[in-house]
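Undergrad: Show me how the following folds:
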Amino acid sequence: MKSIGVILIAFGIGIIIAGILRGYVSDTISLDSYVESSRPVKILEGIWSPRKVYLNIKVYGGRADILLYSNGAVLKIWNNTVGFIDRVDIASRSYSYLLIIPHTKINRISQKVTFYGIEKDVLVNGFVIIILGIVIYIIGCVRRKELLIILIILFSSVILLKMDKSYAIPNWFNRGVYAKYKGRIEGEVLLLYNDTVISGNWEVYIYWRCIEINNGMAKLFINITSRSLDNISPTLSYIDYILLNISSRKVFYRGREIGITSMFLEELPRENQKITLIKTENYEVIGTVDKIRIIPTYNFGFQKVVDVRFNISTTGTFINGSKIKLGFIDRLEYDTDTGILLKGGWTSDPIFLIIAGIKMMFLTPNIYLEKTNVDIGPSDTAIEIQIWLGRILFILVIISPIIFVGYIIYKRLKSKVR
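TA: Predicted structure coming up:
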């Protein structure tokens with residue numbers, strides 16, 4: 001009886017360890033459903049595991065009500081939407097799906113769903129098996145079996161307590177959404193609107209917030225600040241408002257179209273595809289998608305990004321009249337879940353031009369997303385673990401000879417004492 005209890009305890013511990021390790025690996029489903037119908041349709045049907053779920057859904061061609069069914073009940077509803085980004089917490093392993101109820105005829109539904117976190121029922125089963133093993137072990141040691149049966153019932157009741165259902169994060173690009181970027185210009189230059197070049201050292205902050213949104217046009221508050229790092233370079237700060245067409249990225253200022261911004265990508269491009277990153281009245285910057293990869297970010301863990309390469313070249317004039325040819329090759333890295341810019345050489349944009357009079361910024365290092373209320377998505381923790389394991393292994397390789405030599409010296413000293 002005791003040996004059975006020990007086996008069950010070991011088995012339960014193994015299940016818990018496997019469940020925890022499994023929690024560090026996320027599963028992502030990406031697909032498009034072509035509907036061409038105005039009738040309700042089910043998508044993502046199947047048995048959903050009890051994990052956290054990151055949903056990125058887009059409806060093309062019209063609007064729809066979207067309902068999330070789990071275990072026969074409606075877990076959440078998104079009314080009259082063209083898409084959303086949200087997170088839910090699936091409480092138990094059950095048959096689940098999204099029901100799309102179109103208001104008008106729609107043609108395509110884009111779905112990207114990431115399951116992440118620990119599967120709750122695996123942990124529960126592991127603990128139950130451990131408790132069962134402990135009880136069987138105790139039964140083998142004592143005689144009062146009736147008391148132990150009551151303890152089993154009490155332990156099971158405590159373990160199987162009800163869990164929280166869900167929580168929500170604001171959808172992508174609605175009123176109140178914001179992003180704050182940070183970067184540096186160290187010994188480099190700012191190229192102003194009239195092609196005047198000024199050199200200096202600045203810390204650059206770019207902040208935008210959506211004040212209101214109507215019919216696909218968002219009104220954004222913009223703050224661009226370049227703070228002096230050396231008490232010599234002038235501190236520059238500008239604030240203003242623009243209108244942004246969300247579907248085309250076209251920027252409007254005081255009733256006039258001024259170009260296309262690269263602050264986000266609405267449709268994520270494919271590898272080797274060429275896209276218009278930036279466009280103003282005087283020039284256009286074409287980017288080429290290099291690859292899709294996973295990178296570390298400032299505040300958002302490891303994220304999968306679309307890596308877009310580009311190059312810019314122009315001529316500027318210093319205040320003393322001498323001319324300089326400016327040019328560089330850089331890249332912008334966009335989050336694959338939301339399309340928002342995460343980091344890169346955000347050096348030129350019609351927003352900078354019209355608000356701050358800055359035609360080009362030479363940032364060293366590149367600018368990065370410091371803070372936002374956009375739901376970027378869960379970090380790819382498995383990659384993070386691999387990196388840390390690599391670092392630990394590297395450290396062990398370095399210090400192992402030192403430990404070995406120290407051990408030999410210790411043994412020799414000890415033998416001499418004898």
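Undergrad: So which residues of the stretch 201-350 of the chain form helices?
TA: 350-356 (DSSP state H, counting those that start in this stretch).
Undergrad: what are the ranges of the strands in it?
TA: Along the stretch 201-350 of the chain, counting by DSSP state E, counting those that start in this stretch, strands occupy 217-228, 236-245, 250-253, 256-260, 274-279, 284-296, 302-318, 323-335, 341-344.
Undergrad: which of the ones you listed sits most buried?
TA: Of all these, strand 341-344 carries the top mean neighbour count, a mean of 24, counting by mean count of other CB atoms under 10 Å. The C-beta positions use only the backbone N, C-alpha and C, and glycine is treated the same way.
Undergrad: What is that strand packed up against?
TA: Other helices and strands packing on strand 341-344, by 3 or more CB pairs under 8 Å, 6 or more residues apart in numbering; DSSP states H and E, are strand 302-318, strand 323-335, strand 367-372.
Undergrad: SS state for the closest residue to residue 48 other than its chain neighbours?
TA: Once flanking residues are discounted, residue 48 sits nearest to residue 96: 4.0 Å by CB to CB, 6 or more residues apart in numbering. Following DSSP: H, G, I helix; E, B strand; the rest coil, we place residue 96 in the strand state.
Undergrad: and residue 96, how many neighbours does it have?
TA: By other CB atoms under 10 Å, the residues close to residue 96 number 22.
Undergrad: got a pLDDT number for it?
TA: You'll see residue 96 listed with a pLDDT of 89.
Undergrad: Could the C-alpha coordinates of stretch 2-16 be exported in PDB?
TA: Extracted as PDB, the C-alpha positions of stretch 2-16 are listed here (Å, rounded to 0.1, in the frame of the first residue of the first chain):
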ATOM      1  CA  LYS A   2       2.800   2.400   0.900                       C
ATOM      2  CA  SER A   3       4.600   1.800  -2.400                       C
ATOM      3  CA  ILE A   4       1.500   2.600  -4.400                       C
ATOM      4  CA  GLY A   5       1.200   5.800  -2.500                       C
ATOM      5  CA  VAL A   6       4.800   6.800  -3.200                       C
ATOM      6  CA  ILE A   7       4.300   5.900  -7.000                       C
ATOM      7  CA  LEU A   8       1.200   8.100  -7.100                       C
ATOM      8  CA  ILE A   9       3.000  11.000  -5.400                       C
ATOM      9  CA  ALA A  10       5.900  10.800  -7.800                       C
ATOM     10  CA  PHE A  11       3.500  10.600 -10.800                       C
ATOM     11  CA  GLY A  12       1.600  13.700  -9.500                       C
ATOM     12  CA  ILE A  13       4.800  15.700  -9.100                       C
ATOM     13  CA  GLY A  14       5.800  14.700 -12.700                       C
ATOM     14  CA  ILE A  15       2.400  15.900 -14.000                       C
ATOM     15  CA  ILE A  16       2.800  19.300 -12.200                       C
END
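Undergrad: Check which residues of that stretch are buried.
TA: Neighbour-count burial for stretch 2-16 flags 5, 8-9, 12, 15-16 (criterion: 16 or more other CB atoms under 10 Å).
Undergrad: Quick one: residues in contact with stretch 342-350.
TA: By CB atoms under 8 Å, 6 or more residues apart in numbering, the surrounding residues in contact with stretch 342-350 are 181, 183, 206, 251, 258-263, 278-280, 285, 295, 297-298, 300, 303, 305, 308, 310, 312, 328, 330-335, 359-363, 366-369, 376.
Undergrad: what about stretch 46-57, average pLDDT?
TA: Rounded mean pLDDT across stretch 46-57 is 88.
Undergrad: what distance separates it from the centre of its chain?
TA: 16 Å (CA atoms, centre = their mean, to the nearest Å).
Undergrad: Check the separation of the first and last residues in that stretch.
TA: The first residue of stretch 46-57 is 17 Å away from its last residue (CA to CA, to the nearest Å).
Undergrad: just stretch 314-324 next, same as before
TA: Taking CA to CA as the criterion, the two ends of stretch 314-324 lie 9 Å apart.
Undergrad: Also stretch 251-258?
TA: End-to-end distance of stretch 251-258: 6 Å, with CA to CA as the criterion.
Undergrad: circling back to that earlier point, what's the closest of the strands of the stretch 201-350 of the chain to residue 57?
TA: Across the strands of the stretch 201-350 of the chain, residue 57 has its closest neighbour in strand 323-335 (16.0 Å, CB to CB).
Undergrad: who's in contact with the closest one?
TA: 189, 191, 197, 262, 264-265, 268, 277, 287, 290, 295, 303-318, 340-347, 360, 362, 366, 376-377.
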